[in-house]
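Undergrad: Sharing a model prediction with you, sequence too.
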Amino acid sequence: MLAEIITIGDEILIGQIVDTNSAWMAQQLNNAGIRVKQISSVSDDKQHILTALAEAAERADLILITGGLGPTKDDITKNTLAEYFGVGMVEDEGALNNVLGIFEKYNRPMLKINRLQAQVPANCEVIVNKNGTAPGMWFNVDGKIYVSMPGVPFEMMYMMEEEVIPKLKASFKLPYIVHKTILTVGEGESYLSERVADIEDSLPAHIKLAYLPKLGQVRLRLSGQGADEAALTQEIDKYASKLIERVGAFVVAAEDIPLEKAILNYMAQKGLTLSVAESCTGGYISHLFTQHAGSSKVFFGGAISYSYELKESILDVKHDTLLQYGAVSEETVVEMVEGALRNFKSDFAIAVTGIAGPDGGMPDKPVGTVWIAVACAQKTVRKKFTFGSKRQQNIERSATSALFMLNTLLKDVEK
(Lines give C-alpha, C1' and ligand atoms only; values in the text may rest on other atoms or scores of the structure.)
Protein backbone atom coordinates (compact mmCIF):
# COMPACT_ATOMS: atom_id res chain seq x y z
CA MET A 1 0.00 0.00 0.00
CA LEU A 2 1.28 3.45 -0.99
CA ALA A 3 0.30 6.55 0.97
CA GLU A 4 0.42 10.27 0.37
CA ILE A 5 0.24 12.95 3.06
CA ILE A 6 -1.31 16.36 2.36
CA THR A 7 -1.05 19.13 4.94
CA ILE A 8 -3.34 22.11 4.45
CA GLY A 9 -2.68 25.64 5.72
CA ASP A 10 -1.17 28.93 4.65
CA GLU A 11 0.70 29.03 7.97
CA ILE A 12 2.89 26.15 6.77
CA LEU A 13 3.65 27.72 3.40
CA ILE A 14 4.71 31.08 4.85
CA GLY A 15 6.94 29.39 7.40
CA GLN A 16 4.91 30.48 10.42
CA ILE A 17 4.83 26.90 11.68
CA VAL A 18 6.92 23.84 10.85
CA ASP A 19 5.10 20.79 9.49
CA THR A 20 5.98 18.22 12.16
CA ASN A 21 2.76 16.31 11.50
CA SER A 22 3.98 14.78 8.25
CA ALA A 23 7.23 13.46 9.72
CA TRP A 24 5.40 11.84 12.63
CA MET A 25 2.68 10.37 10.39
CA ALA A 26 5.26 8.97 7.98
CA GLN A 27 6.95 7.13 10.87
CA GLN A 28 3.68 5.60 12.03
CA LEU A 29 2.72 4.53 8.53
CA ASN A 30 6.14 3.02 7.93
CA ASN A 31 5.93 1.06 11.16
CA ALA A 32 2.59 -0.32 9.96
CA GLY A 33 4.06 -1.47 6.64
CA ILE A 34 2.75 1.41 4.52
CA ARG A 35 5.17 3.27 2.27
CA VAL A 36 4.77 7.02 1.88
CA LYS A 37 5.01 8.01 -1.78
CA GLN A 38 4.84 11.78 -1.39
CA ILE A 39 4.28 14.57 1.15
CA SER A 40 2.70 17.84 0.04
CA SER A 41 1.69 21.11 1.68
CA VAL A 42 -1.07 23.17 0.09
CA SER A 43 -2.67 26.53 0.78
CA ASP A 44 -6.13 27.27 2.14
CA ASP A 45 -7.44 27.48 -1.40
CA LYS A 46 -10.27 25.28 -2.67
CA GLN A 47 -8.88 24.70 -6.16
CA HIS A 48 -5.42 24.00 -4.81
CA ILE A 49 -6.83 21.37 -2.44
CA LEU A 50 -9.00 19.78 -5.16
CA THR A 51 -6.00 19.52 -7.49
CA ALA A 52 -3.81 18.03 -4.75
CA LEU A 53 -6.45 15.38 -3.95
CA ALA A 54 -6.88 14.38 -7.59
CA GLU A 55 -3.13 14.13 -8.15
CA ALA A 56 -2.62 12.15 -4.94
CA ALA A 57 -5.28 9.64 -6.00
CA GLU A 58 -3.23 8.94 -9.14
CA ARG A 59 -0.15 8.05 -7.08
CA ALA A 60 -1.36 6.49 -3.85
CA ASP A 61 -3.88 4.07 -2.35
CA LEU A 62 -4.16 5.99 0.92
CA ILE A 63 -4.41 9.79 1.15
CA LEU A 64 -4.02 11.34 4.60
CA ILE A 65 -5.04 14.98 5.03
CA THR A 66 -4.46 17.26 8.03
CA GLY A 67 -5.61 20.80 8.67
CA GLY A 68 -8.47 23.11 7.76
CA LEU A 69 -11.11 21.51 9.99
CA GLY A 70 -11.62 24.34 12.47
CA PRO A 71 -14.81 26.42 12.92
CA THR A 72 -13.61 29.61 11.21
CA LYS A 73 -14.11 30.78 7.64
CA ASP A 74 -10.56 29.96 6.57
CA ASP A 75 -11.12 26.29 7.45
CA ILE A 76 -12.47 24.95 4.15
CA THR A 77 -11.31 21.33 4.07
CA LYS A 78 -14.68 19.68 4.86
CA ASN A 79 -16.62 21.61 2.25
CA THR A 80 -13.88 21.06 -0.31
CA LEU A 81 -13.92 17.31 0.34
CA ALA A 82 -17.71 17.29 -0.12
CA GLU A 83 -17.27 19.02 -3.48
CA TYR A 84 -14.46 16.65 -4.46
CA PHE A 85 -16.69 13.62 -3.82
CA GLY A 86 -19.82 15.29 -5.18
CA VAL A 87 -21.89 14.92 -2.00
CA GLY A 88 -23.74 17.21 0.38
CA MET A 89 -23.11 17.98 4.03
CA VAL A 90 -24.97 16.32 6.92
CA GLU A 91 -24.96 16.74 10.67
CA ASP A 92 -23.44 13.70 12.39
CA GLU A 93 -25.04 12.86 15.73
CA GLY A 94 -21.90 11.39 17.26
CA ALA A 95 -19.81 14.42 16.26
CA LEU A 96 -22.49 16.77 17.62
CA ASN A 97 -22.68 14.96 20.95
CA ASN A 98 -18.88 15.20 21.20
CA VAL A 99 -18.97 18.97 20.65
CA LEU A 100 -21.85 19.40 23.13
CA GLY A 101 -19.98 17.34 25.71
CA ILE A 102 -16.84 19.46 25.41
CA PHE A 103 -18.71 22.74 25.91
CA GLU A 104 -20.69 21.27 28.80
CA LYS A 105 -17.50 20.02 30.43
CA TYR A 106 -16.02 23.51 30.45
CA ASN A 107 -19.37 25.15 31.26
CA ARG A 108 -19.24 27.41 28.23
CA PRO A 109 -22.08 28.38 25.85
CA MET A 110 -21.87 26.76 22.44
CA LEU A 111 -22.04 29.16 19.50
CA LYS A 112 -23.73 28.35 16.20
CA ILE A 113 -20.32 28.26 14.57
CA ASN A 114 -19.28 25.46 16.93
CA ARG A 115 -22.33 23.38 16.07
CA LEU A 116 -21.13 23.48 12.46
CA GLN A 117 -18.21 21.32 13.56
CA ALA A 118 -20.64 18.38 13.46
CA GLN A 119 -21.33 18.97 9.75
CA VAL A 120 -19.49 16.41 7.60
CA PRO A 121 -19.64 15.17 3.98
CA ALA A 122 -22.49 12.68 3.59
CA ASN A 123 -20.25 9.81 2.38
CA CYS A 124 -17.76 9.79 5.24
CA GLU A 125 -17.37 7.60 8.30
CA VAL A 126 -16.79 9.91 11.25
CA ILE A 127 -13.77 9.48 13.53
CA VAL A 128 -14.74 11.03 16.86
CA ASN A 129 -12.19 13.54 18.16
CA LYS A 130 -11.69 12.81 21.86
CA ASN A 131 -9.33 15.76 22.23
CA GLY A 132 -11.16 18.49 20.32
CA THR A 133 -14.28 19.52 18.45
CA ALA A 134 -13.25 18.82 14.84
CA PRO A 135 -14.15 15.24 13.82
CA GLY A 136 -11.92 13.13 11.66
CA MET A 137 -13.35 11.63 8.48
CA TRP A 138 -12.72 8.31 6.70
CA PHE A 139 -13.72 7.94 3.04
CA ASN A 140 -13.57 4.78 0.94
CA VAL A 141 -14.15 5.83 -2.68
CA ASP A 142 -13.22 3.99 -5.89
CA GLY A 143 -10.75 1.75 -4.13
CA LYS A 144 -8.95 4.67 -2.48
CA ILE A 145 -8.93 5.51 1.24
CA TYR A 146 -9.00 9.17 2.23
CA VAL A 147 -8.59 10.17 5.88
CA SER A 148 -9.00 13.79 6.97
CA MET A 149 -7.79 14.79 10.45
CA PRO A 150 -7.29 18.01 12.43
CA GLY A 151 -3.99 19.83 12.06
CA VAL A 152 -3.55 20.20 15.84
CA PRO A 153 -0.76 17.67 16.48
CA PHE A 154 -2.04 15.96 19.63
CA GLU A 155 -5.53 15.61 18.16
CA MET A 156 -4.15 14.09 14.96
CA MET A 157 -1.77 11.80 16.85
CA TYR A 158 -4.58 10.33 18.93
CA MET A 159 -6.65 9.61 15.82
CA MET A 160 -3.71 7.99 14.04
CA GLU A 161 -2.68 5.79 16.96
CA GLU A 162 -6.10 4.83 18.30
CA GLU A 163 -8.30 4.81 15.21
CA VAL A 164 -6.64 5.12 11.80
CA ILE A 165 -3.68 2.73 12.06
CA PRO A 166 -5.72 -0.05 13.75
CA LYS A 167 -8.46 0.30 11.10
CA LEU A 168 -5.89 0.10 8.28
CA LYS A 169 -4.30 -2.99 9.80
CA ALA A 170 -7.69 -4.64 10.20
CA SER A 171 -8.77 -3.75 6.65
CA PHE A 172 -5.66 -4.68 4.67
CA LYS A 173 -2.94 -7.31 4.68
CA LEU A 174 0.11 -5.11 5.06
CA PRO A 175 3.73 -6.19 4.57
CA TYR A 176 6.42 -5.71 7.18
CA ILE A 177 8.93 -2.90 6.72
CA VAL A 178 12.14 -3.24 8.73
CA HIS A 179 14.87 -0.61 9.10
CA LYS A 180 18.33 -0.90 10.60
CA THR A 181 20.41 2.25 11.03
CA ILE A 182 24.16 2.46 11.65
CA LEU A 183 25.56 5.79 12.86
CA THR A 184 29.02 6.67 11.55
CA VAL A 185 31.19 9.70 12.23
CA GLY A 186 34.40 10.99 10.69
CA GLU A 187 34.13 9.57 7.17
CA GLY A 188 32.37 11.25 4.23
CA GLU A 189 29.44 9.80 2.33
CA SER A 190 31.41 9.13 -0.87
CA TYR A 191 34.26 7.43 0.98
CA LEU A 192 31.82 5.24 2.87
CA SER A 193 30.09 4.24 -0.36
CA GLU A 194 33.44 3.17 -1.80
CA ARG A 195 34.22 1.11 1.28
CA VAL A 196 30.95 -0.82 1.17
CA ALA A 197 30.32 -0.90 -2.59
CA ASP A 198 30.53 -4.67 -2.91
CA ILE A 199 28.21 -5.22 0.08
CA GLU A 200 25.70 -2.78 -1.37
CA ASP A 201 25.88 -4.53 -4.76
CA SER A 202 25.14 -7.87 -3.09
CA LEU A 203 21.89 -6.70 -1.48
CA PRO A 204 18.76 -8.50 -2.68
CA ALA A 205 16.08 -6.48 -4.49
CA HIS A 206 13.86 -6.18 -1.39
CA ILE A 207 16.62 -4.55 0.73
CA LYS A 208 17.99 -1.08 0.02
CA LEU A 209 20.88 0.90 1.51
CA ALA A 210 20.48 4.67 2.04
CA TYR A 211 23.12 7.22 3.01
CA LEU A 212 21.87 10.00 5.31
CA PRO A 213 24.59 12.65 5.72
CA LYS A 214 24.71 15.36 8.35
CA LEU A 215 27.60 17.65 9.30
CA GLY A 216 30.43 15.25 10.13
CA GLN A 217 28.11 12.24 10.34
CA VAL A 218 26.53 9.71 8.00
CA ARG A 219 23.77 7.28 8.92
CA LEU A 220 23.65 4.08 6.90
CA ARG A 221 20.09 2.79 6.78
CA LEU A 222 19.16 -0.66 5.56
CA SER A 223 15.46 -0.94 4.69
CA GLY A 224 13.63 -4.09 3.69
CA GLN A 225 10.08 -5.18 2.96
CA GLY A 226 8.61 -8.66 3.23
CA ALA A 227 5.87 -10.94 4.53
CA ASP A 228 7.93 -12.59 7.30
CA GLU A 229 9.10 -10.04 9.87
CA ALA A 230 11.46 -12.36 11.76
CA ALA A 231 13.17 -13.62 8.61
CA LEU A 232 13.46 -10.09 7.20
CA THR A 233 14.94 -8.77 10.46
CA GLN A 234 17.47 -11.60 10.53
CA GLU A 235 18.45 -10.95 6.92
CA ILE A 236 18.90 -7.20 7.47
CA ASP A 237 20.92 -7.84 10.65
CA LYS A 238 23.25 -10.05 8.61
CA TYR A 239 23.99 -7.26 6.13
CA ALA A 240 24.26 -4.71 8.95
CA SER A 241 26.96 -6.84 10.58
CA LYS A 242 28.90 -6.85 7.32
CA LEU A 243 28.67 -3.07 7.07
CA ILE A 244 29.74 -2.56 10.68
CA GLU A 245 32.73 -4.84 10.22
CA ARG A 246 33.74 -3.04 7.03
CA VAL A 247 33.31 0.53 8.29
CA GLY A 248 35.04 -0.32 11.55
CA ALA A 249 36.27 2.56 13.68
CA PHE A 250 33.84 5.05 12.13
CA VAL A 251 30.82 3.25 13.62
CA VAL A 252 29.46 4.85 16.78
CA ALA A 253 26.10 3.13 17.16
CA ALA A 254 24.13 0.34 15.51
CA GLU A 255 20.80 2.05 16.16
CA ASP A 256 19.09 5.25 15.03
CA ILE A 257 20.06 7.58 17.88
CA PRO A 258 22.00 10.85 17.98
CA LEU A 259 25.76 10.72 18.44
CA GLU A 260 25.68 12.31 21.88
CA LYS A 261 23.02 9.84 23.04
CA ALA A 262 25.17 6.92 21.93
CA ILE A 263 28.04 8.33 24.01
CA LEU A 264 25.78 8.92 27.02
CA ASN A 265 24.52 5.34 26.85
CA TYR A 266 28.05 3.93 26.64
CA MET A 267 29.39 6.06 29.49
CA ALA A 268 26.37 5.34 31.70
CA GLN A 269 26.87 1.63 31.15
CA LYS A 270 30.52 1.97 32.18
CA GLY A 271 29.81 4.29 35.10
CA LEU A 272 31.89 7.13 33.59
CA THR A 273 31.40 10.89 33.95
CA LEU A 274 32.04 13.85 31.66
CA SER A 275 32.61 17.61 31.87
CA VAL A 276 33.19 20.26 29.21
CA ALA A 277 35.11 23.48 28.65
CA GLU A 278 33.47 25.32 25.76
CA SER A 279 34.55 28.52 24.10
CA CYS A 280 33.49 28.93 20.46
CA THR A 281 30.67 26.38 20.78
CA GLY A 282 29.06 28.56 23.46
CA GLY A 283 27.30 25.75 25.34
CA TYR A 284 26.11 23.85 22.28
CA ILE A 285 27.85 20.64 23.35
CA SER A 286 26.29 20.90 26.80
CA HIS A 287 22.89 21.39 25.17
CA LEU A 288 23.33 18.26 23.06
CA PHE A 289 23.89 16.17 26.17
CA THR A 290 21.33 17.74 28.49
CA GLN A 291 18.44 17.51 26.04
CA HIS A 292 18.35 13.78 26.81
CA ALA A 293 16.60 12.46 29.90
CA GLY A 294 18.99 10.79 32.32
CA SER A 295 22.04 12.74 31.09
CA SER A 296 22.88 13.73 34.69
CA LYS A 297 24.11 10.19 35.31
CA VAL A 298 27.06 11.02 33.06
CA PHE A 299 27.23 14.76 32.42
CA PHE A 300 28.52 16.93 35.27
CA GLY A 301 28.40 20.24 33.38
CA GLY A 302 31.31 22.58 32.79
CA ALA A 303 32.32 26.07 31.74
CA ILE A 304 31.47 28.36 28.83
CA SER A 305 34.73 30.29 28.98
CA TYR A 306 34.61 32.84 26.18
CA SER A 307 36.96 35.33 27.81
CA TYR A 308 40.61 35.07 28.80
CA GLU A 309 39.58 35.84 32.39
CA LEU A 310 37.24 32.85 32.69
CA LYS A 311 39.69 30.53 31.00
CA GLU A 312 42.19 31.51 33.68
CA SER A 313 39.91 31.63 36.74
CA ILE A 314 37.73 28.58 36.07
CA LEU A 315 39.99 26.31 34.02
CA ASP A 316 43.45 27.32 35.30
CA VAL A 317 44.71 28.26 31.85
CA LYS A 318 47.98 30.13 32.43
CA HIS A 319 48.02 33.83 31.66
CA ASP A 320 51.37 33.44 29.91
CA THR A 321 49.92 30.68 27.69
CA LEU A 322 47.16 32.96 26.48
CA LEU A 323 49.54 35.86 25.88
CA GLN A 324 52.12 33.77 24.04
CA TYR A 325 49.92 31.41 22.01
CA GLY A 326 46.46 32.98 22.06
CA ALA A 327 43.09 31.49 22.99
CA VAL A 328 42.91 29.45 19.79
CA SER A 329 45.94 27.24 20.15
CA GLU A 330 47.06 23.75 21.01
CA GLU A 331 48.61 24.92 24.26
CA THR A 332 45.43 26.66 25.43
CA VAL A 333 43.03 23.85 24.55
CA VAL A 334 45.21 21.32 26.40
CA GLU A 335 45.23 23.47 29.53
CA MET A 336 41.46 23.96 29.18
CA VAL A 337 40.66 20.26 29.00
CA GLU A 338 43.07 19.29 31.77
CA GLY A 339 41.73 22.12 33.92
CA ALA A 340 38.18 20.88 33.38
CA LEU A 341 39.22 17.34 34.24
CA ARG A 342 40.96 18.47 37.39
CA ASN A 343 38.52 21.11 38.65
CA PHE A 344 35.23 19.43 37.74
CA LYS A 345 36.49 16.00 38.89
CA SER A 346 35.01 14.02 36.00
CA ASP A 347 36.45 10.91 34.38
CA PHE A 348 36.57 12.49 30.91
CA ALA A 349 36.51 16.05 29.59
CA ILE A 350 36.10 17.91 26.30
CA ALA A 351 37.54 21.34 25.46
CA VAL A 352 36.87 23.43 22.35
CA THR A 353 38.33 26.79 21.36
CA GLY A 354 38.20 28.39 17.95
CA ILE A 355 37.08 31.16 15.62
CA ALA A 356 33.47 30.45 14.65
CA GLY A 357 33.18 33.51 12.42
CA PRO A 358 32.13 35.19 10.32
CA ASP A 359 34.81 37.63 11.53
CA GLY A 360 37.72 37.43 13.95
CA GLY A 361 40.04 35.52 11.65
CA MET A 362 43.76 36.23 11.30
CA PRO A 363 46.29 35.30 8.59
CA ASP A 364 47.66 32.43 10.66
CA LYS A 365 44.26 31.56 12.19
CA PRO A 366 41.50 32.03 9.62
CA VAL A 367 37.81 31.81 10.43
CA GLY A 368 36.96 28.16 10.99
CA THR A 369 40.17 27.36 12.88
CA VAL A 370 39.24 25.20 15.86
CA TRP A 371 41.32 23.32 18.41
CA ILE A 372 39.64 20.42 20.23
CA ALA A 373 40.99 18.32 23.07
CA VAL A 374 39.59 15.36 24.96
CA ALA A 375 41.17 13.88 28.04
CA CYS A 376 41.02 11.36 30.84
CA ALA A 377 43.50 10.52 33.60
CA GLN A 378 45.54 8.32 31.27
CA LYS A 379 45.63 10.37 28.09
CA THR A 380 45.06 13.76 26.46
CA VAL A 381 44.32 13.97 22.73
CA ARG A 382 44.23 17.22 20.79
CA LYS A 383 43.55 18.09 17.15
CA LYS A 384 43.37 21.18 14.96
CA PHE A 385 40.50 21.58 12.50
CA THR A 386 39.97 24.09 9.73
CA PHE A 387 36.31 24.41 8.89
CA GLY A 388 34.56 27.01 6.69
CA SER A 389 33.25 30.53 7.14
CA LYS A 390 29.68 29.77 8.30
CA ARG A 391 29.28 30.33 12.03
CA GLN A 392 26.52 27.83 12.80
CA GLN A 393 28.10 25.13 10.67
CA ASN A 394 31.43 25.67 12.42
CA ILE A 395 29.76 25.31 15.81
CA GLU A 396 27.98 22.10 14.77
CA ARG A 397 31.08 20.66 13.09
CA SER A 398 33.14 21.44 16.18
CA ALA A 399 30.64 19.65 18.40
CA THR A 400 30.49 16.60 16.14
CA SER A 401 34.28 16.41 15.89
CA ALA A 402 34.63 16.73 19.67
CA LEU A 403 32.11 13.96 20.25
CA PHE A 404 33.86 11.70 17.74
CA MET A 405 37.21 12.32 19.43
CA LEU A 406 35.64 11.51 22.81
CA ASN A 407 34.11 8.33 21.44
CA THR A 408 37.50 7.27 20.04
CA LEU A 409 39.25 7.97 23.34
CA LEU A 410 36.62 6.00 25.25
CA LYS A 411 37.23 2.98 23.02
CA ASP A 412 41.04 3.38 23.15
CA VAL A 413 41.06 3.47 26.94
CA GLU A 414 38.88 0.37 27.07
CA LYS A 415 41.37 -1.69 25.04
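TA: Perfect, thanks for sending it.

Undergrad: Would you mark the buried spots in whatever helix or strand Leu232 lives in?
TA: Element membership for Leu232 (DSSP states H and E) is helix 229-247. Going by neighbour count (16 or more other C-beta atoms under 10 Å), the buried part of helix 229-247 is 232, 235-236, 239-240, 243, 247. Glycine gets a C-beta too; all of them are placed from N, C-alpha and C.

Undergrad: now do stretch 221-230
TA: Neighbour-count burial for stretch 221-230 [16+ other C-beta under 10 Å]: 222-224, 226.

Undergrad: Could you tell me which residues make contact with Ile372?
TA: For Ile372, the contact set (C-beta atoms under 8 Å, 6 or more residues apart in numbering) comprises 333, 350-352, 382-383, 385, 398, 401-402, 405.

Undergrad: before we move on, the earlier item: residues in contact with the helix holding Leu232?
TA: 176, 178-180, 182, 184, 187, 192, 195-196, 199, 203-204, 206-207, 209, 220, 222, 224-226, 251, 254.

Undergrad: which of these are buried?
TA: 176, 178, 180, 182, 184, 187, 192, 195-196, 199, 207, 209, 220, 222, 224, 226, 251, 254.

Undergrad: Show only the entries of those residues found in strands.
TA: Among the buried ones among the contacts of helix 229-247, the ones falling in strands (DSSP state E) are 176, 178, 180, 182, 184, 207, 209, 220, 222, 224, 226, 251.

Undergrad: now the residue nearest to the fourth one when sequence neighbours are not counted: how far from Glu278?
TA: Looking back up the chat, that one is Ile182. Distance criterion C-beta to C-beta, 6 or more residues apart in numbering; nearest residue to Ile182, sequence neighbours excluded, is Leu220 at 4.4 Å. Using C-beta to C-beta, to the nearest Å, Leu220 is found at 30 Å from Glu278.

Undergrad: For the spatially closest residue to Ala52 that is not a sequence neighbour, give the beta-bridge partners.
TA: Nearest residue to Ala52 in three dimensions, chain neighbours excluded: Val42, at 4.8 Å (C-beta to C-beta, 6+ apart). Counting by DSSP bridges, Val42 is bridged to Ile8.

Undergrad: same deal with Arg35?
TA: Leu2.

Undergrad: burial count for it?
TA: Neighbour count of Arg35, defined by other C-beta atoms under 10 Å: 17.

Undergrad: Give me the helices and strands touching whichever helix or strand Asn407 is part of, please.
TA: Secondary structure from DSSP H and E places Asn407 in helix 391-414. If you count contacts as 3 or more C-beta pairs under 8 Å, 6 or more residues apart in numbering; DSSP states H and E, helix 391-414 packs onto strand 176-185, helix 259-270, helix 284-290, strand 348-354, strand 369-376, strand 380-386.

Undergrad: and these, which is most packed in?
TA: strand 348-354 (a mean of 28; mean count of other C-beta atoms under 10 Å).

Undergrad: follow-up on the earlier one: show the average pLDDT along the helix holding Leu232.
TA: Mean pLDDT, helix 229-247: 97.

Undergrad: That one versus strand 176-185: what angle between them?
TA: Angle, helix 229-247 to strand 176-185, by axes from the mean of the first three to the mean of the last three C-alpha atoms, to 10 degrees: 20 degrees.

Undergrad: what about helix 229-247, distance to the chain center?
TA: 23 Å (C-alpha atoms, centre = their mean, to the nearest Å).

Undergrad: Around Val276, how many other residues sit close by?
TA: Around Val276 there are 30 residues (other C-beta under 10 Å).

Undergrad: could we number from 19 for the rest of this?
TA: OK, 19 is where the count begins now, so the last one is Val294.

Undergrad: Please tell me I have it right and it contacts His305.
TA: No. Taking contacts as C-beta atoms under 8 Å, Val294 lies outside contact range of His305: 10.5 Å.

Undergrad: From Lys91, how far off is the residue lying closest to Gln56 once chain neighbours are set aside?
TA: Using C-beta to C-beta, 6+ apart and skipping residues adjacent in sequence, the residue nearest Gln56 is Glu22, 4.9 Å away. From Glu22 over to Lys91 the distance is 27 Å, taken as C-beta to C-beta.

Undergrad: When these two are compared, which one has more neighbours?
TA: Per other C-beta under 10 Å, whichever of Glu22 and Lys91 has more neighbours is Glu22, with 22 against 8.

Undergrad: and that one, that one's in a strand?
TA: Yes. Judged by DSSP: H, G, I helix; E, B strand; the rest coil, Glu22 forms part of a strand.

Undergrad: Glu29 belongs to a helix, doesn't it?
TA: Yes. Counting by three-state DSSP, Glu29 is part of a helix.

Undergrad: Retrieve the pLDDT associated with it.
TA: At Glu29, pLDDT is 92.

Undergrad: okay, now the nearest residue to it once chain neighbours are set aside: neighbour count?
TA: Spatial nearest neighbour of Glu29, chain neighbours left out: Ile35 (5.0 Å); criterion: C-beta to C-beta, 6+ apart. Neighbourhood size, Ile35 [other C-beta under 10 Å]: 13.

Undergrad: Check whether Ile35 really touches Ser59, as I assumed.
TA: No. Using C-beta under 8 Å, Ile35 is not in contact with Ser59; the gap is 10.6 Å.

Undergrad: so what sits against both of these two?
TA: Contacts common to Ile35 and Ser59, judged by C-beta under 8 Å, 6+ apart, are Gly27.

Undergrad: looking at this protein, which helix or strand is least sure?
TA: Least confident helix or strand, the chain: helix 130-133 with a mean of 80, by mean pLDDT, DSSP states H and E.

Undergrad: Can you name the element that comes right after it?
TA: Later in the chain than helix 130-133, the nearest helix or strand by DSSP H and E is strand 137-139.

Undergrad: buried residues in the following helix or strand past that next one?
TA: Going down the chain from strand 137-139, the next helix or strand is strand 143-145, by DSSP H and E. For strand 143-145, the neighbour count (16+ other C-beta under 10 Å) marks 144-145 as buried.

Undergrad: which of the buried residues of stretch 239-248 lies closest to Val117?
TA: Ser241 (42.1 Å; C-beta to C-beta).

Undergrad: and that closest one, how far is that from Asn49?
TA: For Ser241, the distance to Asn49 equals 12 Å [C-beta to C-beta].

Undergrad: same question, Gly289
TA: Gly289 sits at a distance of 34 Å from Asn49 (criterion: C-beta to C-beta).

Undergrad: All good on my end, thank you.
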